[in-house]
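>>> please work out how this folds:
(one chain, ligands or ions: 1)
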Amino acid sequence: MLKRVGNRFNAQELWQKDHDHFLHPWTHFDSFKKEGSLIIAEAEGCYITDVNGKRYLDGLGGMWCVNVGYGRNEMAEAMAEQARLLPYANAFVDMSNAPAAELAAKLAEIAPGNLNRVAFSTSGSCANDTAIRLAHFYHARRGEPTRKNIISRHNSYHGSTYLAMSVGNRVGDRTPEFHYITDFIHHLSAPYPYRRPEGMSEDRFTDHLVDEFKAKIRELGAENIAAFIAEPIQGSGGVVVPPRDYLRRMAEVAKENGILFIADEVVTGFGRLGHWFASQDVFGVEPDMIVSAKGLTSGYLPLGATIFSDDIYEAISQPGHDVWFAHGFTYSGHPVCCAVANKNIEIIEREGLLDHARQVGDHFETRLRELSDLRLVGDVRGKRLMMCVEYVADKQTKAHLPEEINISKRISSLCGERGLLVRPLGHLDVMSPPLTLSLKQADFLVDTLRGAIEEVTRDLVKGGLLPALPRPFQRGGN
Ligand SMILES: Cc1ncc(COP(=O)(O)O)c(C=O)c1O
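All right, here's what the predicted structure looks like:
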């Protein structure tokens, strides 16, 4: 039942308004026209409730972002207090405000190494755009203006502005109706161990990926390359955890060639993997820039941050008459958003949520890996509170099920009926619950997902869409 907002909603009327007027990110028109949206009314802790009063455990954490969980009064109060005091302040040229200054200093404290400088924006996309523009500006200021090329990877997702979408390259996002920047953006292979070439060891696969990077540098010339950008774990591209040593070796190659390493930690930052940032604490790499958003405010308000090194700052700020860093936004360093981020960080520290995420995340990861015994589960991967299950028709060949089965959606819909939201994404169901998830909630998540996979498998067999297995393989009813 709706607790906090009462029965304020006319569910049908809202559904219709949404259906008739709201163009959603990633609308699939055919199904949207028929089904419309699931409209959420309120949320508390790890649970969200729709306008009909149905409650779900939010296995997505909003969109990989509600790290401290929903319904935090002190977050709402921080917003209200700052809005009353100073709802907006221009941060152009030589103006600033207290929450932005505090937050920049705090980010410098928690970011690795000498990443002590911050440019604020309003989203992960804009923070990535900022990182790339900053890379160009940096090289030009150092006297290497030809360094314009950006090296990214297939499967990556860096956002949805024209630049960020061109830097990303996820299967399905490259629709022919849109246009992409192609002249200075290049994509290497995704470090996707599950689908690496048959018979190749993981170490050999890493060599292969590193060699590919070196070959690309030879082709373009190091003197023409500005930056290598990578999510430490590819998120929307399929929760792809790179092979051991991959990131460290790629970062080394970048450094040897004067190429900046931009770590897009929009998802992996702010505790999802049990640390403020994953680059150094999980993968042993110190990037030149970290891009952050989402968990930075736990999604309570939009905010992006591009955190970069003192070395970059020194280079861009060296004396030069009439040099302007002509980049930034009306809402850069927005005081209300920064106040919420400061409160969010305070909560994570005070409640020991990084520790908690490590503990509950390890439990969740271990339990979720148990699903590998199911017939349709080809791979369970991820780390701690950033996980996914990849479905296959055949574990040997790793062939996917036919698209029309829409396997991840079938399974996620059944989970929805049983009070759990997971995110269908191609042949995967993805999970990124709030860091506050309890062990019991982690178990509910895994058990509910298992039950849904088993039931969908039985239905597919019954409907003749999957062959029945000979008896000895039917253990577990799946
Ligand atoms: C790794 C990564 N970078 C950037 C973005 C873009 O962030 P936003 O949607 O806030 O623009 C996302 C969004 O999911 C992301 O996952």
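
>>> now do stretch 398-410, average pLDDT.
What stretch 398-410 shows for mean pLDDT is 97.

>>> and that stretch, which residues are buried?
Residues of stretch 398-410 classed as buried: 400, 401, 405, 406, 407, 408, 410 (neighbour count, 16 or more other Cβ atoms under 10 Å). Bear in mind the C-beta positions are built from the backbone N, C-alpha and C, glycine included.

>>> got the end-to-end distance for that stretch?
19 Å (Cα to Cα, to the nearest Å).

>>> go on, stretch 139-157?
24 Å.

>>> in it, what's buried?
Under the neighbour-count rule (16+ other Cβ under 10 Å), stretch 139-157 has 139-141, 144, 147-157 buried.

>>> out of these, which is nearest to the ligand?
residue 157 (5.0 Å; Cβ to the nearest ligand atom).

>>> list the contacts for that closest one?
168, 170, 173, 231, 234, 235, 236, 237 (Cβ atoms under 8 Å, 6 or more residues apart in numbering).

>>> closest point of the protein to the ligand, which residue?
As assessed by Cβ to the nearest ligand atom, the ligand sits closest to residue 124 within the chain, at 2.3 Å.

>>> these two touch, right, that residue and residue 304?
Yes: counting by Cβ atoms under 8 Å, residue 124 touches residue 304, with 5.7 Å between them.

>>> find residues that contact each of the two.
266, 291, 292, 293.

>>> ok so, going back, among the contacts of residue 157, which are in reach of the ligand?
231, 235, 236 (Cβ under 6 Å from any ligand atom).

>>> so where does the residue nearest to the spatial centre of the chain fall, helix or strand?
Closest to where the C-alpha atoms of the chain average out (Cα atoms, centre = their mean) is residue 267, at 3.3 Å. Residue 267 is located outside every helix and strand, with elements delineated by DSSP states H and E.

>>> now it. Nearest residue, chain neighbours left out?
residue 235 (4.1 Å; Cβ to Cβ, 6 or more residues apart in numbering).

>>> how about stretch 198-214 as CSV, C-alpha atoms only?
Coordinates of each C-alpha in stretch 198-214 appear next as CSV, following Å, rounded to 0.1, in the frame of the first residue of the first chain:
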residue,chain,number,x,y,z
GLU,A,198,37.6,-20.4,-28.2
GLY,A,199,40.6,-22.1,-26.6
MET,A,200,42.4,-18.9,-25.6
SER,A,201,43.5,-18.6,-22.0
GLU,A,202,42.5,-15.5,-20.1
ASP,A,203,46.2,-14.4,-19.9
ARG,A,204,46.6,-14.8,-23.6
PHE,A,205,43.4,-12.9,-24.1
THR,A,206,44.8,-10.0,-22.1
ASP,A,207,48.0,-10.1,-24.3
HIS,A,208,45.8,-10.0,-27.3
LEU,A,209,43.8,-7.0,-26.1
VAL,A,210,47.0,-5.1,-25.1
ASP,A,211,48.5,-5.9,-28.5
GLU,A,212,45.4,-4.5,-30.2
PHE,A,213,45.8,-1.3,-28.2
LYS,A,214,49.5,-1.1,-29.2
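
>>> which bits of the stretch 201-350 of the chain sit near the ligand?
231, 235, 236, 264, 266, 267, 293.

>>> buried only: go through the residues you listed for me.
Buried among those by 16+ other Cβ under 10 Å: 231, 235, 236, 264, 266, 267, 293.

>>> pick out whichever of the residues you listed sits closest to residue 370.
The nearest member of those to residue 370, counting by Cβ to Cβ, is residue 235 at 22.9 Å.

>>> need the strands for the stretch 301-450 of the chain, in chain order.
Per DSSP state E, counting those that start in this stretch, the stretch 301-450 of the chain carries strands over the ranges 304-308, 377-383, 386-391, 420-421, 423-425, 428-431.

>>> just the ones you listed: most buried one?
Stretch with highest mean neighbour count among the strands of the stretch 301-450 of the chain: strand 304-308 (a mean of 27; mean count of other Cβ atoms under 10 Å).

>>> name the helices or strands packed onto it?
Other elements packing on strand 304-308 under the criterion 3 or more Cβ pairs under 8 Å, 6 or more residues apart in numbering; DSSP states H and E are helix 98-110, strand 117-121, helix 124-141, strand 289-292.

>>> need these in a markdown table with mean pLDDT and distance to residue 67, can you?
Listed next are these as a markdown table, based on pLDDT from 0 to 100; distance: least, Cβ to Cβ, whole Å:
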| stretch | mean pLDDT | distance to residue 67 |
| --- | --- | --- |
| helix 98-110 | 98 | 14 |
| strand 117-121 | 98 | 19 |
| helix 124-141 | 98 | 14 |
| strand 289-292 | 99 | 12 |
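
>>> relative to residue 387, which of those is closest?
helix 124-141 (19.8 Å).

>>> residue ranges with poor pLDDT in the stretch 301-450 of the chain?
Applying pLDDT under 70 to the stretch 301-450 of the chain flags no residue at all.

>>> quick one, helices of it?
According to DSSP state H, counting those that start in this stretch, the stretch 301-450 of the chain carries its helices in the segments 310-316, 335-350, 353-369, 407-417, 439-462.

>>> pull the third one out as PDB, backbone CA atoms only.
What follows is helix 353-369, C-alpha atoms only, in PDB (Å, rounded to 0.1, in the frame of the first residue of the first chain):
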ATOM      1  CA  LEU A 353      28.400   1.600   3.900                       C
ATOM      2  CA  LEU A 354      31.600   0.800   2.000                       C
ATOM      3  CA  ASP A 355      32.300  -2.000   4.600                       C
ATOM      4  CA  HIS A 356      28.700  -3.100   4.400                       C
ATOM      5  CA  ALA A 357      28.800  -3.200   0.600                       C
ATOM      6  CA  ARG A 358      31.900  -5.400   0.800                       C
ATOM      7  CA  GLN A 359      30.200  -7.800   3.200                       C
ATOM      8  CA  VAL A 360      26.800  -8.000   1.700                       C
ATOM      9  CA  GLY A 361      28.200  -7.700  -1.800                       C
ATOM     10  CA  ASP A 362      30.500 -10.700  -1.300                       C
ATOM     11  CA  HIS A 363      27.500 -12.700   0.000                       C
ATOM     12  CA  PHE A 364      25.300 -11.600  -2.900                       C
ATOM     13  CA  GLU A 365      28.000 -12.400  -5.400                       C
ATOM     14  CA  THR A 366      28.600 -15.900  -4.000                       C
ATOM     15  CA  ARG A 367      24.900 -16.700  -3.800                       C
ATOM     16  CA  LEU A 368      24.200 -15.400  -7.300                       C
ATOM     17  CA  ARG A 369      27.000 -17.600  -8.700                       C
END
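
>>> for that helix, packing partners?
For helix 353-369, the packing partners by 3+ Cβ pairs under 8 Å, 6+ apart are strand 377-383, strand 386-391, helix 439-462.
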